[in-house]
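Asks: here you go, sequence then predicted model.
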Amino acid sequence: MNAIEIRNLNFSYTSDKKILKNLSLDIKRGSFVSLLGNNGSGKTTLTKLLVGLLSPDSGEISVEGVLLEKKTINEIRKNVVIVFQNPDNQFIGATVEDDIAFGLENRQIPRDEMLKIVSKYASLVDMSDFINREPSSLSGGQKQRVAIAGALALSPKILILDESTAMLDPKGKSEIISLIQDLRKNMPELTIISITHDMEEAALSDRILYLKNGEIVADDSPDNLFLNEKFVEENHIKLPFIYLLKKELNKQLLSSSGNTIEEVIKNVFKN
Amino acid sequence: MNNITFGRYTTENTVVHKLDPRNKIVLMILLMITIFLPFQVWSTTLILTGLVLAFLIVVMFLSKVNFLDLFRSIKGMWFLILFLMVIYFFIPDKSYTLPIPGTPFYYDAFYRCGYIVLRLIMLLSITTILTTTTKPMDLTYGLEFYMSPLKVIHFPSHEIAMTLSIALRFIPTLLDETNRIIKAQSSRGVDFEHGGIFKKFKAIISLIIPLFVSAIERSEELSNAMEVRGYNPKSKRSRYRMLKFHWCDLFAFLIVGAIFGGILTLSIYDQNIIQINIIYAIFGKMPLF
């Protein structure tokens, strides 16, 4: 079953430049998809279309089997949440707990339940000790974790991370990446779409979509994409360390399967 | 820019911090009215105001208000004091005080000026107590509570409270931004500290425009984030924060109510039946002047 189905999607802000050109795409439920592409390639626009923050010029979008229309926007927003890039601009509540509760308040969830949900998701993102803190006393990574908790508290089926690690320092970035990996283990039904410029992050996903001038120019697994030398060169992709390693191993005609450095090394020594 | 600490919420755990914000708002208003109740005899006014001041000082100790900050902000009032002094020296009320010997001025100026400054200091103390012991967000919840009856006439009390709370939430963020822009513009050669009013004004423009642009961009992103999480100002929301009325709220209400009620009664008595002169009552004779 597909979480997202997009058919012949067209979008433009002004009449002279098309942002998305006849885009069609299926995303499987429970998969972790990375959306790559240069600035201005239409990645963020695509996510905004998915939740109805923008409406397409033509084409169809269905999310979890529901066709996106004016009438169904609220229903679709129950299934899709977005974590944006700037941690400051999406922190709505006065404190961590208020912020996690914000979306729950909008859904009119009774207070007793809210208390349980807030503490559950605060501990999921490891922010239980900071529940009374104000945003100005938190680091960027912490704020972003709160944003993820606030998004997950709404029990969505699709989580979109729109360059959520772009403004974070390396520590914050690795915190978020390990959180995503935990989510994949604990919530296998959750579809994660991550927009990123970070290749290390993209290497962890099941599938990479490469967007260029509003079109998908590549749609493949990280293995196939990053080991495709022509593609990597054409798009000036800086290979993640693990693929540099795999490339070298392949040159030495050694097997290099596996997603983590440990796995790759284990497989090398097996042979 | 970072020294705007005066009146900011402090994370303490005092009795005053624990009071219900709705209660604190009412108590604040009662105390403010008390300060401005009139009496015919000036010594009576001074004694009763002094009593309220003593009460306020006790409360400030209880709520661990930073007195240094308070004094600093009082220091800023010197111009007002000077201004009042000049006015009262030249337009004295000759009815109840004696002239200062050898001058055409009256003692009245000192009394009236001192009294107004005292009142201002007390107003400042009251609001300081409120803002240092109440989270801004709780204050907006309190205000929303009092505005909610106005919903009947379609007054957007919830929207106003939400706007206020977001504004409060973004003050530190925008202050950071301001500092960043000041540094960025200074490094490009804009001088914010020297020069006349016109030059400074020009410098400030180079601060305000980028600040506005970024604030508007932020608001756009914020509204997206709110919308994605299902916010709709017109639909109903449940509440995460609950305001609770504790026994200490009742206690505080009784104390402040007694002060307010007592002084109000005295004032009405004083204005309508017989003028009250506490010094006369205690010492059995009229004061000097």
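Replies: Looks like it arrived, so ask away.
Asks: for the rest of this, base every contact and every neighbour count on C-alpha atoms.
Replies: Fine.
Asks: count of neighbours near the closest residue in space to B:Asn23 that isn't next to it in sequence?
Replies: Nearest in space to B:Asn23, with sequence neighbours left out and distances taken as Cα to Cα, 6 or more residues apart in numbering or on different chains, is B:Asp249 at 6.8 Å. Applying other Cα atoms under 10 Å in any protein chain shown, we find 19 residues neighbouring B:Asp249.
Asks: contacting residues around stretch A:87-96?
Replies: Stretch A:87-96 is contacted by residues A:84, A:99-100, A:102, A:130-135, A:140, A:143-144, A:146-147, A:164, A:167, B:137, B:165-166, B:169, B:173, B:218-219, B:221-222, B:225-226 when judged by Cα atoms under 8 Å, 6 or more residues apart in numbering or on different chains.
Asks: now the buried members of those residues.
Replies: A:84, A:99-100, A:102, A:130-131, A:134-135, A:140, A:143-144, A:146-147, A:164, B:137, B:165-166, B:169, B:218, B:221-222, B:225-226 (16 or more other Cα atoms under 10 Å in any protein chain shown).
Asks: now, which of the residues you listed lie within helices?
Replies: A:99-100, A:102, A:140, A:143-144, A:146-147, B:137, B:165-166, B:169, B:218, B:221-222, B:225-226 (DSSP state H).
Asks: for chain A, what are the nearby residues on the stretch 151-289 of chain B?
Replies: B:165-166, B:169, B:172-173, B:218-219, B:221-222, B:224-226, B:228-232, B:236-241 (Cα under 8 Å from any Cα of the partner chain).
Asks: closest to the centroid, which residue in the chain?
Replies: No chain was given, so I picked chain A. Ranked by distance to the mean C-alpha position of chain A (Cα atoms, centre = their mean), the top residue is A:Ser194 at 2.1 Å.
Asks: hmm, I had chain B in mind actually
Replies: B:Thr127 (3.1 Å).
Asks: hmm, that residue is touching B:Ile29, no?
Replies: No - applying Cα atoms under 8 Å as the test, B:Thr127 and B:Ile29 come out as separate, 9.8 Å apart.
Asks: isn't there a strand covering A:Ser34?
Replies: Yes - when DSSP: H, G, I helix; E, B strand; the rest coil is applied, A:Ser34 is found to be in a strand.
Asks: ok, what's across the strand from it?
Replies: Listed beta-bridge partners, A:Ser34: A:Ser194, A:Ile208 (assigned using DSSP bridges).
Asks: just the local confidence number for it, please.
Replies: Listed pLDDT for A:Ser34 reads 92.
Asks: ditto for B:Ile205
Replies: On the pLDDT scale, B:Ile205 is placed at 90.
Asks: okay, now it: neighbour count?
Replies: By other Cα under 10 Å, neighbour count at B:Ile205 equals 11.
Asks: wait, what's in contact with B:Val123?
Replies: Actually, residue B:123 is Leu rather than Val. Per Cα under 8 Å, 6+ apart, neighbours of B:Leu123: B:Met32.
Asks: that one falls within a helix, correct?
Replies: Yes - B:Leu123: assigned to a helix according to three-state DSSP.
Asks: quickly note the distance from it to chain A.
Replies: According to Cα to the nearest Cα, to the nearest Å, B:Leu123 stands 27 Å off from chain A.
Asks: before we move on, back to that, wait, the residue nearest to B:Asn23 touches B:Pro21, no?
Replies: No - B:Asp249 is beyond contact range of B:Pro21, at 9.6 Å (criterion: Cα under 8 Å).
Asks: quick one: low-confidence residue ranges for chain A.
Replies: A:253-256, A:259, A:271 (pLDDT under 70).
Asks: so what's the residue of the stretch 101-250 of chain B at minimum distance from chain A scoring on pLDDT?
Replies: When distances are taken as Cα to the nearest Cα, the stretch 101-250 of chain B reaches nearest to chain A at B:Ser238, 4.4 Å away. pLDDT for B:Ser238: 86.
Asks: write out the residues of the stretch 151-271 of chain A neighbouring chain B.
Replies: With Cα under 8 Å from any Cα as the criterion, the stretch 151-271 of chain A meets chain B at residues A:Ala151.
Asks: pull the contacting residues for the residue nearest to the centre of chain A.
Replies: Each residue near A:Ser194 by Cα under 8 Å, 6+ apart is listed here: A:Phe32, A:Val33, A:Ser34, A:Leu35, A:Ile160, A:Leu161, A:Asp162, A:Glu163, A:Ala202.
Asks: farthest-separated two in the residues you listed?
Replies: A:Phe32 and A:Glu163 (14.6 Å; Cα to Cα).
Asks: chain B versus the nearest residue to A:Thr196 once chain neighbours are set aside, what's the distance?
Replies: In space, and not counting its chain neighbours, A:Thr196 is closest to A:Glu163: 5.0 Å by Cα to Cα, 6+ apart. Using Cα to the nearest Cα, A:Glu163 is found at 14 Å from chain B.
Asks: what's the neighbour count on A:Glu163?
Replies: The number of residues packed around A:Glu163, counting by other Cα under 10 Å, is 20.
Asks: and what of A:Asn39?
Replies: 12.
Asks: any idea how far A:Thr45 is from it?
Replies: 11 Å (Cα to Cα, to the nearest Å).
Asks: now do B:Lys202
Replies: Distance, B:Lys202 to A:Thr45, by Cα to Cα: 38 Å.
Asks: please identify which of these two sits among more neighbours.
Replies: Neighbour comparison, B:Lys202 and A:Thr45: the larger count goes to A:Thr45, with 19 against 13 (by other Cα under 10 Å).
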